[in-house]
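J.: Build me a structure from this.
(one chain, ligands or ions: 1)
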Amino acid sequence: HKSNDTQAVKLTGADIAKHDSRDSCWVIIHGRAYDVTEFLPEHPGGPKIILKYAGKDATEEFEPIHPPDTLDKYLDKSKHLGEVDMGTVEKEEKEEDPDEKARQERMAVMPILEQCYNLMDFEAVARKVMKKTAWAYYSSGADDEITMRENHSAYHKIWFRPNILVDVEKIDFSTKMLGTKVDIPFYVTATALGKLGHHEGEVILTRGAKKHNVIQMIPTLASCSFDEIMDAAEPGQVQWLQLYVNKDRDITKRIVEHAEKRGCKGLFITVDAPQLGRREKDMRSKFDDVGSNVQNTSGDNVDRSQGAARAISSFIDPSLSWKDIPWFLSITKMPIILKGVQRVEDVLRAVEAGVHGVVLSNHGGRQLDFARSGIEVLAEVMPALRERGWEKKIEVFVDGGVRRATDIIKALCLGATGVGIGRPFLYAMSAYGLPGVDRAMQLLKDEMEMNMRLIGASTIEELNPTMVDTRGLSMHSATVPSDTLGLNVYDPLIGPKEKAK
Ligand SMILES: Cc1cc2c(cc1C)[n+](S(=O)(=O)[O-])c1c(=O)[nH]c(=O)nc-1n2C[C@H](O)[C@H](O)[C@H](O)COP(=O)(O)O
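T.: Presented below is the predicted three-dimensional model:
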């Protein structure tokens, strides 16, 4: 398309529209055209979703799932067709989403940020104002979601044995994680597809983490590119990488080496997801044919009717095993942590394998249903490590269902180095953007100060197992008080308008 004045003549909408089939499929993304004909069978999200936009502008559908560098990374340059004169592209009238109008009305009356008093409040508001597919993806757990609920309920089975008459005038709840000093013992855990909830995606969490001097774990399946998230960090801000190991180990090696070069200070290898769990709320939402940013080069067609989770995970290597650990230790100097360890035997094996830490986690209840909560496994693990004098050989983290500073304190009393928090920050971001994340983190800091004072500890080091009673922890039959108080409190505010009496 070079004209005689060497200025590239832009493609027109009509040029693209001619290529609207499986035999010849062109799409427009961010004002540029791409020939994806040969890529169709390889697309991890399946060919259907691309064909839906064959010959058209696919940007809006593409944006929340794929980091901006996806096409540069995974589509051969010869298929990059150049700029499109967007003035010549017919605007697609979008199919009216019946719920969208009601959602906009709920957003118009949602509580102001200051009315959120705890992390559950963000969930209560997000549930009402988020797009259905986003809420479905973030809120779903696997199968009957028993483990997802158990994660938070388990904290209700731990009771405090507070000290009194301890000088708690000055409280310092700062600590260190993998050698990094943080203000408070939680990190922002890796959760995929941040742009489903907020158009800016994971960089919002980066900015919140900076403001509160906590660590962000960057997900392999982020909507933003890895470099965008690293670039959004300020000098000195520490980030970790969460890794889904690719069947193609060269791709994994490149990702790990790049992360180390960019300054990541921890490699968290996810070990509880050789296959992503069956999240039925996600499967029910309209996600059944959406693409994804993954490193799948095998071209195997993946069953699309599994929702976003399955769509974005076909590259994950189910053959990953203990025998791969020496290879990981050989390709990076970053501390290596196994994320998703669920029994004490594997923690002991992790110490022997020479890794630097574990996250006791069941992936937020999104993987194996009836896996025990991280906190319950922690209560089993720490005594076993102490018995062997190994409690200082690795750092033990816990995640899942952490919603209050008392949950953080319980985990630290039992011996955790810190906790990971996922959904609450996603909901805060989705409902209120960066101010929401900022407030959520500040609320935890305020709760932390008060509860450390009330339990009778002025520093993290003073927290110890004698301050908690965990006898009820392994009782799964006990019905636990509903912790969804926050989920109902806004219903009258943002439910359907009360009929005039
Ligand atoms: C909520 C959520 C969690 C995800 C998550 C996505 C969402 C929306 N995704 S997932 O798409 O594969 O399931 C990831 C992920 O990319 N990688 C990972 O290691 N953990 C993933 N997790 C698990 C996460 O790192 C924590 O283990 C979990 O969120 C902790 O529980 P709470 O959400 O209750 O804090």
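
J.: element containing residue 337, please.
T.: Element membership for residue 337, per DSSP states H and E: strand 336-341.

J.: Sheet-wise, list the partners of that strand with their directions.
T.: Its sheet considered, strand 336-341 pairs with strand 267-270 (parallel), strand 357-360 (parallel) by DSSP bridges.

J.: next helix or strand past the last one?
T.: Think strand 357-360. Remark: after strand 357-360, the chain's next helix or strand is helix 374-387, criterion DSSP H and E.

J.: Let me see the residues that make contact with that following helix.
T.: For helix 374-387, the external contacting residues (CB atoms under 8 Å, 6 or more residues apart in numbering) are 151, 154-155, 158, 341-344, 347-348, 351, 359-362, 391, 393-394, 396, 398-401, 407, 410-411, 414-416, 465, 470, 473-474. C-beta here means a position set from N, CA and C on the backbone, and glycine is covered the same way.

J.: What residues sit buried inside it?
T.: Within helix 374-387, the residues that count as buried by 16 or more other CB atoms under 10 Å are 374-382, 385.

J.: Verify the contact between residue 88 and residue 9 for me.
T.: No. Residue 88 is not in contact with residue 9 according to CB atoms under 8 Å; the separation is 11.6 Å.

J.: For the residue in the stretch 1-150 of the chain that the ligand sits nearest to, give me its contacts.
T.: Per CB to the nearest ligand atom, residue 138 is where the stretch 1-150 of the chain lies closest to the ligand, at 4.3 Å. By CB under 8 Å, 6+ apart, the contact set of residue 138 is 126, 130, 191, 196-197, 423, 426-427, 430.

J.: hmm, try it at 7 Å
T.: 197, 423, 426 (CB atoms under 7 Å, 6 or more residues apart in numbering).

J.: Where helices are concerned, which of those residues count?
T.: Using DSSP state H, the members of those that fall in helices are 423, 426.

J.: of the contacts of residue 138, the lowest pLDDT goes to which?
T.: Lowest pLDDT among the contacts of residue 138: residue 197, with 95.

J.: Next secondary structure after the strand holding residue 337?
T.: Scanning onward from strand 336-341 (DSSP H and E), the first element met is helix 344-353.

J.: among the contacts of helix 374-387, which ones are buried?
T.: Among the contacts of helix 374-387, the ones that count as buried by 16+ other CB under 10 Å are 151, 154-155, 158, 341-342, 344, 347-348, 351, 359-362, 394, 396, 398-401, 407, 410-411, 414-416, 470, 473.

J.: Keep the residues you listed, but drop any that are not near the ligand.
T.: Restricting the buried ones among the contacts of helix 374-387 to those near the ligand by CB under 6 Å from any ligand atom leaves 151, 361, 399-401.

J.: now these in CSV, with secondary structure and pLDDT?
T.: Formatted as CSV, these follow (DSSP: H, G, I helix; E, B strand; the rest coil; pLDDT from 0 to 100):
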residue, secondary structure, pLDDT
151, helix, 97
361, coil, 98
399, strand, 98
400, coil, 98
401, coil, 98
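
J.: Which pair of the residues you listed spans the longest distance?
T.: 361 and 401 (10.2 Å; CB to CB).

J.: Mean pLDDT per helix and strand in the protein: which one sits at the bottom?
T.: None of the helices or strands of the chain scores lower by mean pLDDT, DSSP states H and E than helix 307-311, at a mean of 59.

J.: With that, I have no additional questions.
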